[in-house]
Structure formats: C-alpha cells, structure tokens
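Novice: next comes the sequence, and after it the predicted model I'd like to discuss.
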Amino acid sequence: MRAWIVLPLLVVSTAHADVESARDDIVDMRKGRMPNRVAALGWTEQGAYVYRETECNWQDVVGMPACHVTIYVADRRRTQAFPLFSAEWSSECADTASSATCYAITTEAASAFLAAERKVMADLGTLTPGTAIGRDAAGGKLSVIRYEDEPADRRRAALALVKGGRWKPLRILWSVESGKDEFLRGNPLIERVERSPDGETLAVVTQLSHAEDDFWWTTRGITLVPTPR
C-alpha cells in the first residue's frame, strides 16, 4: 500500500497531449517543482474518454519524492492505464527546491517518455473534444454518496443522482467489508463532468481520500455512465 502526502496544487485543463506535455513535465521535475496536473484530452471514435495525469508526491513514511505520468482510457466497462513515465528520487531531495543532480532525469529516460506519449496518442487516433458541464443533470444532481450496505456487510461509495433528499445509484466507486479498517476521509469530490460529443455518455472524474491505520492516500477515478434523461 502506498501512502502519499498530496500536493495542494492541481491544474485541470482541456488540452491535447503531445511532446510538449511531456517536455513541460520533464522541465518541472528536473527543477524540483513536483507538478500535479490533469488534462481532459478528448473522446475516441469508439466512445472512450481519454485523460492524462501527472502526479508528483512525497511518500509519507520516508519522504521520498516520486512522479508518475499516465494516460487513462475509459469506456463504460473499464479504465485502461498507459504509464508514460515513473521516477523516484532520494528522500534527501525533499528539502531541495532545485538541483540538477537531485532531481536528475537521464536523456535516455526523457527520450523514452517522449516516445511513449507519441505512441499512445498515435494508437488512440483522432480525439474529439467533449463538453464540460456542471453536476446538474436530468433527474437530479450528480453526487458521491457514502453508505452502509447492511445486507452485504460492506461500506460503499456510489456515484448517484440526488433529488429531493432521495438518491439513485449509478455506479459503485468504492467498497470494503464493514470489518476492515479502511475508511474514506471526508466527502469524495467530483472534479469534472464531461459530456461525450454524441451526447450519449457522461465521464465523471472523482477523487477519494482513503485512510487505514496510520496511512492515508488519494485515488482518482473515471466513471462513464449513460447521460441521464
């Protein structure tokens, strides 16, 4: 299990992933800026939603800086992850704002990062922008509901439509046995809702903050559901 201290800076944008995105990440990492940003890249011809995430954190226990860059491709059945880059540096770098040696990325690693992003984007083909919308939808407001599923003896969180004090579950986002020590810290967040170009699907990006014993960590998920009518 990984426990991370998550940086407060998060930039959400609509963009096209290309070599410039990777170059920006490399420059920021080499300067010890520890970038955290996400970008909605668009929709494939097959109706999948494409999302890019740069995540840099310090591992909680040892204070080791680490960065990971991933492109996610989500449809209504699953989310596929395509890792582009991953690096860890010495825990001594945590107190170093900028150091060519501390946050070093070799030329070979940088070239592999650029090539990986080019390949993933080429394989995905042309992406069409969707439409960012609010949480209001036909039949209610999109929310994440935490609840006890007593018949199943589980604690759950679900993406749901809420209206007039009642809610309709759309998709289970998190589920653990009631006896487990893991729990959700605070209310889950909906970061972005985007409607597909054909209007038939909503992509909902959520963030959940977990805790278990003395560890806590954050996960981001992408859920695709039919557009409520």
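Specialist: Happy to help now that I have it.
Novice: counting by contacts, list what the biggest helix by length in the chain packs against.
Specialist: As assigned by DSSP state H, the longest helix anywhere in the chain is helix 107-124. Contact here means 3 or more CB pairs under 8 Å, 6 or more residues apart in numbering; DSSP states H and E; on that basis helix 107-124 packs against helix 19-30, strand 65-74, strand 79-88. Yep, even glycine has a C-beta here, placed from its N, CA and C like the rest.
Novice: what angle do that helix and helix 19-30 make?
Specialist: Here helix 107-124 points in a direction 150 degrees away from that of helix 19-30 (axes from the mean of the first three to the mean of the last three CA atoms, to 10 degrees).
Novice: paired strands for the helix or strand following helix 107-124, with orientation please.
Specialist: Sequence order places strand 131-133 as the next helix or strand after helix 107-124, per DSSP states H and E. Paired strands of strand 131-133, with direction, are strand 189-195 (antiparallel) (DSSP bridges).
Novice: show me how far the strand it pairs with is from its chain's centre.
Specialist: Centroid displacement of strand 189-195 relative to its chain, using CA atoms, centre = their mean, to the nearest Å, is 11 Å.
Novice: name the residues that touch that strand?
Specialist: Here strand 189-195 makes contact (CB atoms under 8 Å, 6 or more residues apart in numbering) with 12, 38, 40, 49, 130-135, 142-144, 201-208, 220, 227.
Novice: domain-wise, how is this protein divided?
Specialist: For the chain, the domain assignment from automatic domain parsing gives the residue ranges 4-124, 131-226.
Novice: would you single out the least confident of the ones you listed?
Specialist: Lowest mean pLDDT within these: domain 4-124, a mean of 83.
Novice: and the residue lying closest to Arg23 once chain neighbours are set aside, how many neighbours?
Specialist: Excluding its sequence neighbours, the residue lying closest to Arg23 (CB to CB, 6 or more residues apart in numbering) is Leu114, at 7.4 Å. When neighbours are counted by other CB atoms under 10 Å, Leu114 registers 19.
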